[in-house]
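Visitor: Next input, structure requested:
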Amino acid sequence: MRAGNTIESFHAAVELGVDMIEFDVLRLRDGRLVLAHDHLDAERGRPLTLAEGLEAFTRPPLDRVELDCDLKLPGGEDRLAAALRAHGLVGRATVSTMERSSLGRLREIEPELRLGWTYPKVTRDWNSKRWARPAVAAALLLMRRRLPGLARRMLPELRVEALWVYWPLVTRRLIEAAEHAGVEVMAWTVDDPRRMRDLRELGVHGICTNDPRLFKTLE
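Guide: Purely as a prediction, here's the structure:
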């Protein structure tokens with residue numbers, strides 16, 4: 001697999017027939033917007049600037065797919081919306097984020113832009129820490145039970161078109177709650193074919209994966 005947040009990885013995904021490409025948008029400490037998951041990721045090399053990344057989606061073969069900009073931190077909403085407008089991508093783009101304040105700001109400045117609420121709000125992969133796994137499992141179970149009710153209350157208020165959900169939290173009740181609000185459910189991040197099949201049977205509207213080659217196993 002190619003490294004994410006690169007034009008090479010975007011091209012590879014398109015060759016595999018994906019409908020949408022999701023990439024991370026990070027505001028650096030100096031204010032620049034780049035394609036990187038976090039500051040450590042950005043420091044490992046020279047990340048694409050937001051302008052470079054968006055420009056790639058105006059040219060073949062990336063001009064035939066939709067894009068999701070996963071906004072990692074608040075504060076760059078105006079510049080992100082302006083960049084999407086400048087590249088003529090508002091109609092093909094979604095901006096997803098864990099930050100409710102960012103969703104409100106984006107809806108205010110660019111009403112035509114599709115928005116996605118990412119849940120839950122996390123800053124690190126706690127599953128990578130062995131000592132934290134029992135607590136993480138318990139927290140996920142509680143969130144799984146409560147999320148359908150939370151979605152029913154919050155989605156109309158947030159006025160989003162998509163709910164991006166960590167895959168263990170996806171249930172049929174959640175999908176029904178989202179559909180009641182006219183919102184699609186996108187499951188992230190799924191790198192196992194069996195889980196992909198299970199989620200498809202539940203009725204998710206989209207699946208985010210690090211390895212789009214896995215979609216071939218679902219055909």
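Visitor: helices or strands next to the longest strand seen in the chain in the packing?
Guide: As assigned by DSSP state E, the longest strand anywhere in the chain is strand 20-27. The elements that strand 20-27 packs onto, with contact taken as 3 or more Cβ pairs under 8 Å, 6 or more residues apart in numbering; DSSP states H and E, are helix 7-15, strand 33-34, helix 39-43, strand 66-71. In short, each C-beta sits where N, CA and C put it, glycine included.
Visitor: Would you pull up how far the last one lies from the middle of the chain?
Guide: Using Cα atoms, centre = their mean, to the nearest Å, we find the averaged C-alpha position of strand 66-71 to lie 6 Å away from the chain's own average C-alpha position.
Visitor: Repeat that for the third one.
Guide: Using Cα atoms, centre = their mean, the mean C-alpha position of helix 39-43 is found 19 Å from that of the whole chain.
Visitor: What are the contacting residues of the helix or strand following that helix?
Guide: Helices and strands here follow DSSP states H and E; after helix 39-43, the next one along the chain is helix 50-56. Defining contact as Cβ atoms under 8 Å, 6 or more residues apart in numbering, one finds that helix 50-56 is touched by 5, 7, 10, 23, 25, 33-35, 62, 79-80, 83-84, 87, 89.
Visitor: buried ones in helix 50-56?
Guide: Burial within helix 50-56, assessed by neighbour count using 16 or more other Cβ atoms under 10 Å, is assigned to 50, 53-56.
Visitor: Columns pLDDT and distance to residue 197 on top of those, output as a markdown table?
Guide: Putting the buried residues of helix 50-56 into a markdown table (pLDDT from 0 to 100; distance: Cβ to Cβ, whole Å) gives the following:
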| residue | pLDDT | distance to residue 197 |
| --- | --- | --- |
| 50 | 98 | 35 |
| 53 | 98 | 31 |
| 54 | 98 | 33 |
| 55 | 98 | 36 |
| 56 | 98 | 32 |
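Visitor: so which of the helices and strands packed on strand 20-27 comes closest to residue 188?
Guide: Ranking the helices and strands packed on strand 20-27 by their distance to residue 188 (criterion: Cβ to Cβ) puts strand 66-71 first, at 9.1 Å.
Visitor: what helices or strands is the helix or strand hosting residue 145 leaning on?
Guide: Secondary structure from DSSP H and E places residue 145 in helix 133-158. If you count contacts as 3+ Cβ pairs under 8 Å, 6+ apart, helix 133-158 packs onto strand 114-119, strand 162-166, helix 172-180.
Visitor: packing partners for the lowest-mean-pLDDT helix or strand in the chain?
Guide: Lowest on mean pLDDT, DSSP states H and E among the helices and strands of the chain sits helix 39-43, with a mean of 88. Applying 3+ Cβ pairs under 8 Å, 6+ apart, one finds that helix 39-43 makes contact with strand 20-27.
Visitor: now the angle from the strand it packs on to strand 66-71?
Guide: On the basis of axes from the mean of the first three to the mean of the last three Cα atoms, to 10 degrees, strand 20-27 is oriented at 30 degrees to strand 66-71.
Visitor: Indicate each strand paired with strand 20-27 and its parallel or antiparallel sense.
Guide: In the sheet containing strand 20-27, the strands it pairs with under DSSP bridges are strand 33-34 (antiparallel), strand 66-71 (parallel).
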